[in-house]
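>>> any chance you can model this:
(chains A and B)
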Number of protein chains: 2
Amino acid sequence: MCRTPDGSASPLTRREGPHVALDTATGTQAESVLDALANPTTEEVESLDAWWRANNYLTIGQIYLQGNPLLRKRLASEHIKPRLLGHWGTSPGLSLIYTHVSRLIQRTGQEAIYLAGPGHGGPALVAASYLEGSYTETYPRVTQDEAGLLRLFRQFSSPGGIPSHVSVTTPGSIHEGGELGYVLVHAFGAVMDNPGLLAVAVVGDGEAETGPLEGSWKGISFLNPARDGAVLPILHLNGAKIAGPTVLARKDPEEVRSLLRGHGYDVIEVEGADLPGMHYRFAAALADAYGKIRAIQDAARGGDWDGQRPQWPLIVLRSPKGWTGPEEVDGVKVTGTWRSHQVPLSGVKGNDEHLALLESWLKSYRPEELFDAFGAPTELVRRANPAGELRMSASPHANGGLLTKDLDLPDFRDYALDVPRPAAVKAESTRQLGALLRDVYTRNDDRFRLFCPDETNSNRLGAVFEVSDRAFMERVTPEDVAIGRDGRVMEVLSEHNCHGWLEGYTLTGRHGMFATYEAFAMVSASQTVQHGKWLEEATHLPWRAKVPSLNILLTSTAWRNDHNGFSHQGPGLIQVALTQRKDVARVYLPPDANTLLSVADHCLRSRSYINLLVIDKQPQLQWLTMDEAVEHCRRGAGIWDWAGNDDGSQDPDIVLACAGDVVTMETVAAAQILKERLPHFRTRVVNVVDLMTLIRPRDHSHGMEPTYFKELFTDDTDVVFAFHGFPGAIHQLVHGRPDADRFRVRGFIEEGTTTTPFDMVVRNRTSRYHLVMDAINNAKRTPRGATELTAWCEQKLAEHSAYVVEHLEDMPEVRDWALGDWAEKG
Amino acid sequence: MCRTPDGSASPLTRREGPHVALDTATGTQAESVLDALANPTTEEVESLDAWWRANNYLTIGQIYLQGNPLLRKRLASEHIKPRLLGHWGTSPGLSLIYTHVSRLIQRTGQEAIYLAGPGHGGPALVAASYLEGSYTETYPRVTQDEAGLLRLFRQFSSPGGIPSHVSVTTPGSIHEGGELGYVLVHAFGAVMDNPGLLAVAVVGDGEAETGPLEGSWKGISFLNPARDGAVLPILHLNGAKIAGPTVLARKDPEEVRSLLRGHGYDVIEVEGADLPGMHYRFAAALADAYGKIRAIQDAARGGDWDGQRPQWPLIVLRSPKGWTGPEEVDGVKVTGTWRSHQVPLSGVKGNDEHLALLESWLKSYRPEELFDAFGAPTELVRRANPAGELRMSASPHANGGLLTKDLDLPDFRDYALDVPRPAAVKAESTRQLGALLRDVYTRNDDRFRLFCPDETNSNRLGAVFEVSDRAFMERVTPEDVAIGRDGRVMEVLSEHNCHGWLEGYTLTGRHGMFATYEAFAMVSASQTVQHGKWLEEATHLPWRAKVPSLNILLTSTAWRNDHNGFSHQGPGLIQVALTQRKDVARVYLPPDANTLLSVADHCLRSRSYINLLVIDKQPQLQWLTMDEAVEHCRRGAGIWDWAGNDDGSQDPDIVLACAGDVVTMETVAAAQILKERLPHFRTRVVNVVDLMTLIRPRDHSHGMEPTYFKELFTDDTDVVFAFHGFPGAIHQLVHGRPDADRFRVRGFIEEGTTTTPFDMVVRNRTSRYHLVMDAINNAKRTPRGATELTAWCEQKLAEHSAYVVEHLEDMPEVRDWALGDWAEKG
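Okay, here's the model as predicted:
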C-alpha cells in the first residue's frame, strides 16, 4: 500500500544517491551537499511546490469536504461537511517547512522529526503523513485513492475520527500542540542522548506568548553538541493568533532579533509571500542553519571545540497567516489576518458565492497535477518524499517505544536498609534511592536521566553526582561542584522544562525520573494531565509501541515543609492524578526506604504510565525488611499485624488505615497507645502503598478485589484513615466499596501553618493523639477507659502546644519516639 | 509604639520637605531632585548604610537567635535556635534595594510598593517592616525594644510564628514569592489603572529561569504610561540558586543585555561588592531609572507622546550571594556561592568556632550604632525611613482592601433573557454576560478589567469591545479591530499572565474576571492554588482588609470541545478548587443565562474568594425566568418540579440530580422520557448551581443544612447524578451525607474523544438514554416497563451511533430537542 518511492525512483537520488550521510562525507563532499541544499534546482522547486500544493489541498479538503474529494464534479452543497471545523491559518506555513525539511533529509540522510507547536495545524500534518504513505501504512483503510481521500477528509474532526489537532493518532508526532508552550521542551528532550537526531520545532507566534515557551529557549544551555542531537527552532511569525495580532509579530524586528540572540541563538530570517522566491530563500536559510548545526556538531565530536555553548541557529519565518487562501471574503481581508485562523470561508453550504470561492480556491492548487486518475499522489508529488523510516511521519523516533531498550537495572535489594524491627532505625529513605539511581546512571549512560529543579542534593539523591555532573553549557567556575558540559543530571529551576524534557525523552524511547517539591508539582500539573491524555489515547492505538513511564518523585512533601510555610505545602498533584483515566496513573506512597526501592524498581521497569512516588527526604523511621517490603508492595496494601493487637480471629473494633510516610508513623504510634492503654480494644493497622488499590477493580486495574478489601477493612468496621493528601481523595476512592460512609479520613488541611514537624500533624488533626481519639469516638463499641484516654490525649496535646512555643522544637517524647522491643517481629 | 520619624525629624526633610511630588514640581525643581537623588550626600550614605546594616543584623537574628538579641552578653549555645531555618543568600541584596527605594520615596514623594521575587528572603522584608515601625503597628506585641526584638527573632519560622517566606503576614506585601515566577505579573497587575504607583519588582536569577517569569517581561507591551503606573524590574543576579549557578548569571553579560533589550527594556547595570561604592552607584542607577520612568509618564500624560511603546528602564544588579556574610566557613568559600543560599554557617550550637564566627559576623554590623539602649532603632537608622503611608511596608496599595471601592454595577436583571417556559429558547448564555460586562466597563473605567487569553470574542463576551479596545502597546495596523493603547480589555495568549495580572489587580483593590478555556485553566492551576492560600491566610489577619474576589469564568468547556478533541477537554480546575479550604473557593455551574447573570452579579460583589463560574459559550436551552433564577441561585440547589413528575407527597422513586449546563439538558430530557414512558415511576429532578452546597455545613459555609439536603435528596432514595466534572468530585462532596453510597455519579471520563456534541455525552455515558437506564437500574423499585424502556434506549443509542458516522452531525431529534408545551409553568 505504501507508495513511497524507493531511492531509484527519485531523480534526486539518481544524482547523488539517497542518504548521503554527512557523517561519512569528506569535507568537499559535505560542502557540495550543503551548496546543493542551499540552491535547489528548478526541478526540485517544482517538486517541493507540488507537494506543498497537494498538502494545502488536502488540508482544505479535511476542513470542508465530505464528498467529491478530487473535484471531479462541480462542487455542490452536499459535498460540504455540516460542521466546518479545523484551522487553516497556520497550515500552509507548517507544510512549507515540512517539505523543505524532507528535501534536506533526502540530500543528507539526516534523521529528523517534526514538532508542530501550532498543533491545531493538524490537517497539514495528517496530510503530510498521507502524502508520505505512512498514513496508509498505519491506517490501511485510508487508501491512496479516491475512496481513501474521502475517508481522510470525512474522518477529520468527526465522530469516531481524529481530532482537529496533531495528536497521538498522527503518525510521526510526539507532540500534540493543543495546550501551547511545550514544543521546545519536547524537542530538547527528544534529542538528549540522541546524537543522530534533528528535531525541527516550529514555534507559533501565539505559542511564543506563553510563559513555558519563553522559558524553554534556554534548552541550549543544557544541550551538549557532542552527545546530544540538535534542535532547530523555527519561529513562524504569521502575525496573528485567534482574534488579534501577537506581541512578537508586532515588535520591531530588531527587538525580536535581540531577544533571540539574547536567548543564545544565531538568527536567520526569511520573510515574504512571493513564489517561487520563498522556496529559494527558505531552502537557503535551511541549508545555512543545517550547515551551522553540522559544523557545531562536527567540531564538538571531532574534539575541535572550545567548550563554549554554541550559538545554535534558529530560523524566523515571516509568512502570511492563511497564505495561499482567499485574500478577501465578503469584502473583508482574510489572508494575513486573524480571520484566517480557523475556517476562512464559512457558511459555504447553501451559499453559491462561497461555494464558488471554495471551488476556485481548491482548484488554484491544480489538483489534476497532484493526484492521478485513481486519486493517488502523482510522481511529481511523491518524489519530494524521503524514503522509508527517513520520512518524518514514519520516524521510529516519533514512536519511541520501538527504540526503547530496557534499563539495565541493578538488583534494588542491594540497596536495602537493614531493618531489624519496625521503627527502630531512622534514615533518609530517598538517600537509598539516590544510591540506586547512581548505579542506574552508570549502567545506562545513553538512556537514563534525572530531571530536577535544582534540588537533587536537597532531595538526598546526590549520590548520582558521584558518576555524573549536572549538565550545564554556560560558564563554569572553579568553585562549582558537580557541574559541567558532560553532565547528564538535568537541573533547571523550571518545573515546565524538567517535566517537558522528560516527556520528550521518554516519548522517544529513553527512561527518566522527575524529582520535585510536592507543592510545586502543581506548576506543571497541566503537563501531567496532558501527558496522561497522550498515554491514554495511545493505549487505543496498537501501532504506538509502549514508551517508558513518566516517573514523578514528590519529595519535600506537604508534611515536612512545616517551616517553609503554607506556600510550600500542598499534596495537590495526587488529586490531579486521580482524575486520570484508569490504567494511566498510579500513585505510590511508600512509607520507608525498602518499600521505596521496591516501588521505584517497579516504576523504572514499567511502560506508558504516569507514576507518582510520594515520600519525604527527611530522616524517618523504617518499618519493613526488604522481603516484607517486596511482598507489601506486591499487594499494594496490607495489614501490619505487629502494629495492632488484632489476631484476626474476629473483626477488630477499629481499623487504623494509613497511606503516606508521616501519617503512617502517627498511625503506628496511635496503635501503640491503644494497645498499651486499652489492651482489650482490638485495633488493626492497614498500610496502603499503592493508592489505586482502594478503587474498585472495574475502575482501575490495580483496584483490589472485594475479597481482599474485606480481608483488610471488613464489611462494616469503622475505619480511621490517616492520609498524606486531601481527605476528599480517599472519599472518592472508596466510593462504591461496602459501607464507604464508615471511612473517617484525616489528612492535609489547606490552612496556613508554619511550625515544627510534630506540630504540623497536630495542626492537621492527624497526630497520634487525634487518631486515638478518632478511634475511640468512631468505634461502634465504646471501650472501657475511653474517657480517661481521651482526657490523656487532650492533656498530651496541651503539653505539646506549650512546649513547642517555648522550645521552638518538638517534645523529645515525640521527636525521638520509636517502637519498643516488643514490636520485634516473629 | 510607632517610632517612624515624622517629617521634621529627618535631616533630609529639613532640606527639601518630604514628599516633593515631582508631579507638581517645575522642570528645574524636578531636575534638581533627580540630580540630588543620583548623588547622595555622605550623610545620606551613612544613613542608608546604617539601615542596611540594621536590616542584615535583624535578618541573621531571625535565622539564628532565640536569646541575647542585642549581643549584650557573650554569644552562647543557649542563644541559638534548635533548628536553623531561613535564607540568608538573597537577603542583603533585597534590603540594599529596599533602603535605596525608601530614599527615592523620601526625596520624591513617590508612592511605591516592593515585591520580592525571591520571597525566601522573608527575614529581610520582615526586618524592613520592623525598622519602619509598621511591624509594631501591625503586631503590637513585637515592640521596638529588646523584648520585641526577641519576639521578632523567635517567631521566625517557628510554631505559631511566621513562615520563612515573605507572606500574607508581612506588612507591605502582596506577593509571597514561594512558588517562583510571578513577581512581574503581580507588579504589572498592581499598577494597571493605578497611575500614581511605582511597583519595584525584584527578580531573582533563580526565578528568572522559570517559564512564567520569562514570559512575563512582556507586560510592558500592555502597559499604558498615561493611565497605568510603572513597574521597575530589578534583576538581581547574585549568581546562584539552591545548589548551583544560574543560566543568566553565567551567560555573557552581552547576551543578558540583548535578551532584556529584546524584551523591550532600557538596561541599566550595577555590579560590585565594594562599599560605600555600591551605595553611590546603585543610587545613581536608581535615579537614572526613575528619571526615565518619570520622563515616559510625563510625556504620555502631557500629550507629548508618539504612541510608541516606551523602552522602560530595568536595573540589573550584580552583587554577591550572601553579601557581607562569612567569606569562608571550614575552609570553604561561602559568600558568592550557592553555599550561602540558606544558612551559611550551620552546626552553631555546641561548636565554639562557629559560635565565634557567628558572633563576629553579627558584630561586624556594629549593632551598638543601630539600636539604642532600649533596643530600638537609632535615629541614624530611622531617618532612612519614609513617613507614614509612604513607607513601603505601610502602603495601602499592599493592603488593597483599604482602597477597594465597590463596583458600580448595573441591575443584572436588565440583561435577562425572556424565558416563556423551560427549554423553549436557545441562546448563548455568555453573550448576556458580555452585555453586562460591557456596562460594568462603562461604569467603572478605573477599577474593572477582563483578562482573557485571546478568546473574548470566542467566549461571546465581545460586547465589551463596544466600549473598550484590547490593550496593546505594540504596532497596530489598519486591519486590526478593537485593539490599541487605550484599551483596557487584557488579551495575551498566556494564562500565567492573565491570572497573575488579575491577582495583582485585585490585591491592590480593583475588580476583574479571568475568562478562559476550561481545559487550559489547568495551566495556571498552581496560581489558583497559591492565591487561594493567600486569601485563606489573610482571613486570619484582621488587619488585612478584604479584597475583590478572583473570578474565573471557564467557558469552552469539556463537553463542547467535542471537535477539538481530548487535549481541549478537562474539568480539572473544579477538582483543584475543591481542595481549597472552606470559605475561599466557590464553584458555580449555572445552567443558563439568567442563572449565570445572577451568579456573576454575586461574584462581582463578593470579597476575598476564588469564584469559579463554569458555563459553555454555545447556544443552549434556557430554563429559568430571571425571578426563578434569582431564587434558585439563592438556594444554590433546588427541585425543578416542572421537569419531574414527583408531586412531593411521598419520596420519589429516583432523584435525577445534575450540575452543569450540558448534563442538565440531558437530565431534563431523561426525566421527560421517564415521564412519558413510565408515568407511574416518580422522578424528581434536582439542579445544583452552587457545588459547595453539597458539602456538610461544617466543612463549607455554603453547605446546605441537613434538613434542606433531605428535602432535595431524601434520606435514602437512589440518586443518579449527572455532573459536569469528574465523578469523583461528587463522591467526595457528598461523603458524610446520609447514605452517601446511594449517589451514582455520571460525569466526564478522561478518555480520548473527537465527536459531535451529543455523541460526546453518549461517549461519556451521560446521555439522556444512559441516565434513563441508570434510573431504572438503580431505583429500589423496578418499574413495570423497565425492560422495554431499556431496550428502547439501547436502540436509540445504536441509531445515534450509526447516524453520526454517516452524517457527521447529530440526529435532528437530539440536536433540536426541546420540551413540549406541557412543560409550561403554572
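>>> so where do the strands sit in the stretch 351-500 of chain A?
Assigned by DSSP state E, counting those that start in this stretch, the strands in the stretch 351-500 of chain A fall at A:426-428, A:448-452, A:470-471, A:483-484, A:490-491.
>>> gap between the first one and the chain center?
Relative to its chain's centre, strand A:426-428 lies at 32 Å (C-alpha atoms, centre = their mean, to the nearest Å).
>>> any idea of the pLDDT on the nearest residue to A:Tyr609 once chain neighbours are set aside?
Leaving out its chain neighbours, the residue that sits closest to A:Tyr609 by C-beta to C-beta, 6 or more residues apart in numbering or on different chains is A:Ser549, at 4.2 Å. Bear in mind the C-beta positions are built from the backbone N, C-alpha and C, glycine included. On pLDDT, A:Ser549 comes in at 98.
>>> residue contacts, A:Ser549?
Applying C-beta atoms under 8 Å, 6 or more residues apart in numbering or on different chains to A:Ser549 gives the contacts A:506, A:603, A:606-611.
>>> A:Ser393 too?
Per C-beta under 8 Å, 6+ apart, neighbours of A:Ser393: A:125, A:128-129, A:132, A:134-135, A:170-172.
>>> between those residues, which is nearest chain B?
A:Thr170 (11.1 Å; C-beta to the nearest C-beta).
>>> count of neighbours near that closest one?
By other C-beta atoms under 10 Å in any protein chain shown, the residues close to A:Thr170 number 25.
>>> element containing the nearest residue to it once chain neighbours are set aside?
Among residues not flanking A:Thr170 along the chain, A:Leu125 sits closest, at 5.4 Å (C-beta to C-beta, 6+ apart). Using DSSP states H and E, the element containing A:Leu125 is helix A:122-132.
>>> now the helix or strand following that helix: buried residues?
Sequence order places helix A:134-138 as the next helix or strand after helix A:122-132, per DSSP H and E. For helix A:134-138, the neighbour count (16 or more other C-beta atoms under 10 Å in any protein chain shown) marks A:134-138 as buried.
>>> from the residues you listed, which are also near chain B?
Among these, proximity to chain B is found for none (C-beta under 8 Å from any C-beta of the partner chain).
>>> quick one: low-confidence ranges for chain A?
Scanning chain A for pLDDT under 70 picks out A:1-26, A:581, A:752, A:820-826.
>>> at 80 instead, please
Residue ranges of chain A with pLDDT under 80: A:1-29, A:562-563, A:580-583, A:648, A:751-754, A:820-826.
>>> now for the helix or strand encompassing A:Leu554, which elements pack on it?
Per DSSP H and E: A:Leu554 is located in strand A:550-555. Applying 3 or more C-beta pairs under 8 Å, 6 or more residues apart in numbering or on different chains; DSSP states H and E, we find strand A:550-555 packed against helix A:429-443, helix A:495-507, strand A:511-517, helix A:525-538, helix A:593-605, strand A:610-614.
>>> got the angle for the first one vs strand A:610-614?
With axes from the mean of the first three to the mean of the last three C-alpha atoms, to 10 degrees defining the directions, helix A:429-443 sits at 140 degrees from strand A:610-614.
>>> hang on, the earlier thing: what's around the residue nearest to A:Thr170, how many residues?
30.
>>> residue contacts, it?
With C-beta under 8 Å, 6+ apart, A:Leu125 has these contacts: A:94, A:98, A:114, A:116, A:166, A:170, A:172-173, A:393.
>>> which of these fall within strands?
Here DSSP state E is the test, and the contacts of A:Leu125 give A:114, A:116 as lying in strands.
>>> in a markdown table, list the contacts of A:Leu125 along with distance to A:Asn238.
A markdown table is the format used below for the contacts of A:Leu125 (distance: C-beta to C-beta, whole Å):
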| residue | distance to A:Asn238 |
| --- | --- |
| A:Leu94 | 10 |
| A:Tyr98 | 15 |
| A:Tyr114 | 17 |
| A:Ala116 | 13 |
| A:Val166 | 17 |
| A:Thr170 | 21 |
| A:Gly172 | 22 |
| A:Ser173 | 21 |
| A:Ser393 | 23 |
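>>> out of the contacts of A:Leu125, who has the most neighbours?
With neighbours taken as other C-beta under 10 Å, the top of the contacts of A:Leu125 is A:Ala116, carrying 33 neighbours.
>>> can you name the residues bridging to it?
Legend: beta-bridge partners of A:Ala116 under DSSP bridges are A:Val202.
>>> distance check, it against A:Val101.
Per C-beta to C-beta, to the nearest Å, A:Ala116 is found 12 Å from A:Val101.
>>> equivalent analysis for A:Leu808, please.
62 Å.
>>> neighbours of the residue in the stretch 551-700 of chain A that chain B sits nearest to, how many?
Nearest residue of the stretch 551-700 of chain A to chain B, counting by C-beta to the nearest C-beta: A:Gly565, 2.5 Å away. For A:Gly565, the neighbour count with other C-beta under 10 Å is 27.
>>> now do the contacts for it.
A:752-754, B:157, B:162-165, B:167, B:178.
>>> can I assume A:Val142 sits in a strand?
No - applying DSSP: H, G, I helix; E, B strand; the rest coil, one finds A:Val142 to be coil, outside a strand.
>>> tell me the phi and psi of A:Asn459?
Per-residue torsions, A:Asn459: phi -80, psi 10 (degrees, to the nearest 10).
>>> before we move on, back to that, deepest-packed of the helices and strands packed on strand A:550-555, please.
helix A:495-507 (a mean of 29; mean count of other C-beta atoms under 10 Å in any protein chain shown).
>>> which SS class is A:Pro542?
coil.
>>> A:Val256 - how many residues pack around it?
23.
>>> revised request: answer the last question for A:Arg383.
Neighbours of A:Arg383 under the rule other C-beta under 10 Å: 22.
>>> surely it touches A:Glu46?
No - A:Arg383 is beyond contact range of A:Glu46, at 9.6 Å (criterion: C-beta atoms under 8 Å).
>>> contact residues of the stretch 51-200 of chain A facing chain B?
So the stretch 51-200 of chain A meets chain B at A:66, A:81-83, A:85, A:119, A:154, A:157-165, A:167-168, A:176, A:178-181 (C-beta under 8 Å from any C-beta).
>>> next step: those restricted to helices.
Among these, DSSP state H puts A:Arg154 in helices.
>>> can you list the residues of the stretch 201-350 of chain A near chain B?
Proximity of the stretch 201-350 of chain A to chain B, by C-beta under 8 Å from any C-beta, involves residues A:206-207, A:209-218, A:221, A:241-247, A:250-251, A:255-264, A:333, A:336-337.
>>> ok, now with 6 Å
A:206, A:209-212, A:214-215, A:218, A:221, A:241-244, A:247, A:250-251, A:255, A:258-259, A:261-262, A:333, A:337 (C-beta under 6 Å from any C-beta of the partner chain).
>>> of those residues, which belong to helices?
Reading helices off these with DSSP H, I get A:211-212, A:214, A:247, A:250, A:255, A:258-259, A:261-262.
>>> output these in a markdown table; the columns should cover neighbour count.
A markdown table is the format used below for these (neighbours: other C-beta atoms under 10 Å in any protein chain shown):
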| residue | neighbour count |
| --- | --- |
| A:Gly211 | 28 |
| A:Pro212 | 33 |
| A:Glu214 | 28 |
| A:Val247 | 26 |
| A:Arg250 | 23 |
| A:Glu255 | 18 |
| A:Ser258 | 21 |
| A:Leu259 | 26 |
| A:Arg261 | 19 |
| A:Gly262 | 22 |
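>>> which single one of these is nearest to A:His680?
Nearest to A:His680 among those is A:Pro212, at 58.9 Å by C-beta to C-beta.
>>> coming back round to it: indicate which one of the strands of the stretch 351-500 of chain A is closest to A:Asp774.
strand A:426-428 (26.2 Å).
>>> what comes up buried for that closest one?
Neighbour-count burial for strand A:426-428, counted by 16+ other C-beta under 10 Å, picks out A:427-428.
>>> name the helices or strands packed onto that strand?
strand A:619-621 (3 or more C-beta pairs under 6 Å, 6 or more residues apart in numbering or on different chains; DSSP states H and E).
>>> show me what counts as buried in the strand it packs on.
A:620-621.
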